[in-house]
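S.K.: Structure, please.
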Amino acid sequence: MKTQPIQLFFLPAVLLFCFLAFSENALAQRMAHRPVGGSGGVRAPAATQNINRNANINRNANINNNTNINRNVNVNNNVNVNRNVNVNVNNVNVVHTNVYHTYGYRPYYYHPYHPYYWGPAWHPVGWFCAALTATAIAVTVANEHYYYDAGVYYTKASSGYTVIAAPAGAVITVLPSGYSTVVVSSTTYYYYGGAFYSKSGSSYTVVNPPVGAVVTQLPEGAKESDVSGQKLYVYNNTYYQPVMQNGTDAYEVVTVK
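M.R.: Numbers count the residues shown, from 1 in each chain. Got it, this is the predicted structure:
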């Protein structure tokens with residue numbers, strides 16, 4: 001058969017063509033991936049570079065320069081001074097709070113001082129007379145000689161007699177007319193002309209004014225004295241605090257220290 005040589009020639013030709021085509025394609029791919037500057041001087045195609053040069057820089061600075069300084073100063077200069085005095089006849093309470101302290105039983109109640117006179121036979125301290133009445137009696141206290149007449153005490157002067165405050169320790173047997181009673185801590189005293197008496201048996205003895213005693217009259221001769229901002233009255237070295245008793249102006253015997 002004459003067709004067999006042709007077939008034998010045609011088959012190798014087809015194989016050769018396929019081989020060449022494949023080789024050319026492989027070479028092209030290698031050249032495409034060959035690095036720049038490689039052998040043969042073949043330059044690789046320029047690579048595409050996507051570089052993002054946008055810089056987002058946030059330069060906003062939130063600076064809080066506000067300074068909150070609280071300069072308010074709360075200074076409390078209120079002074080609460082309690083001048084109330086509780087009434088308790090068994091205890092003595094402090095009334096004033098400064099340098100001097102007044103000890104008594106009743107609250108302070110200021111009212112003007114009005115000298116009191118116990119009648120025509122009574123005379124204030126310092127009053128002078130040339131002679132005594134026939135009813136005057138001699139009184140001796142601690143070897144000192146005095147005279148007493150109708151609730152008034154006298155001492156001998158160069159040309160007569162001068163009225164003095166009742167000396168503590170003087171003893172009389174009859175109280176003067178017009179005396180009043182004062183009760184302090186269950187003890188009864190008798191008051192007349194600025195003098196306090198206590199009873200012992202059938203006689204009466206002049207005593208120092210008891211603290212807490214309240215009287216409604218002070219004799220002439222009392223002096224006003226300022227003690228810790230309050231006005232007291234001083235008679236015969238005794239302090240009297242103005243008070244109110246049963247709606248009436250009165251004076252309470254107090255001590256000041």
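S.K.: The residue lying closest to His123 once chain neighbours are set aside: what's it in contact with?
M.R.: Spatial nearest neighbour of His123, chain neighbours left out: Val163 (4.9 Å); criterion: C-beta to C-beta, 6 or more residues apart in numbering. Any C-beta I mention is one placed from the backbone N, CA and C, and that applies to glycine too. The contact partners of Val163, taken as C-beta atoms under 8 Å, 6 or more residues apart in numbering, are 123-128, 152-154.
S.K.: ChimeraX command for the buried members of those residues?
M.R.: This is how ChimeraX selects the buried members of those, with burial counted by 16 or more other C-beta atoms under 10 Å:
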select :123,124,125,152,153,154
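S.K.: Now render the contacts of Val163 as TSV, adding secondary structure and pLDDT.
M.R.: Formatted as TSV, the entries for those read as follows, by DSSP: H, G, I helix; E, B strand; the rest coil; pLDDT from 0 to 100:
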residue	secondary structure	pLDDT
His123	coil	97
Pro124	coil	97
Val125	coil	97
Gly126	coil	97
Trp127	coil	97
Phe128	strand	97
Val152	strand	98
Tyr153	strand	98
Tyr154	strand	98
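S.K.: Of the contacts of Val163, which is the nearest to Glu144?
M.R.: For the contacts of Val163, the residue nearest Glu144 by C-beta to C-beta is Tyr153; the value is 10.9 Å.
S.K.: these two touch, right, that closest one and Ala168?
M.R.: No. When contacts are counted by C-beta atoms under 8 Å, Tyr153 is not listed as touching Ala168 (11.1 Å).
S.K.: measure Asn237 to Gly201 for me?
M.R.: In this view, Asn237 and Gly201 are 28 Å apart by C-beta to C-beta, to the nearest Å.
S.K.: my bad, Val253
M.R.: Computed as C-beta to C-beta, the Val253 to Gly201 distance reads 25 Å.
S.K.: quick one, which of these two is more surrounded?
M.R.: Of the pair Val253 and Gly201, Val253 is the one with more neighbours under other C-beta atoms under 10 Å, namely 23 against 7.
S.K.: which residues touch that one?
M.R.: Going by C-beta under 8 Å, 6+ apart, Val253 touches 104, 209-215, 238-240.
S.K.: From those residues, which land in strands?
M.R.: 104, 214-215, 238-240 (DSSP state E).
S.K.: Check the contacts of Val253 for the minimum pLDDT and say which it is.
M.R.: Comparing pLDDT over the contacts of Val253, the lowest score belongs to Gly104 (70).
S.K.: where's the nearest residue to it once chain neighbours are set aside relative to Tyr233, distance?
M.R.: If you skip the residues right next to it in sequence, Gly104 has Val254 as its closest partner in space, 3.9 Å away by C-beta to C-beta, 6+ apart. Here the criterion is C-beta to C-beta. By it, Val254 lies 10 Å from Tyr233.
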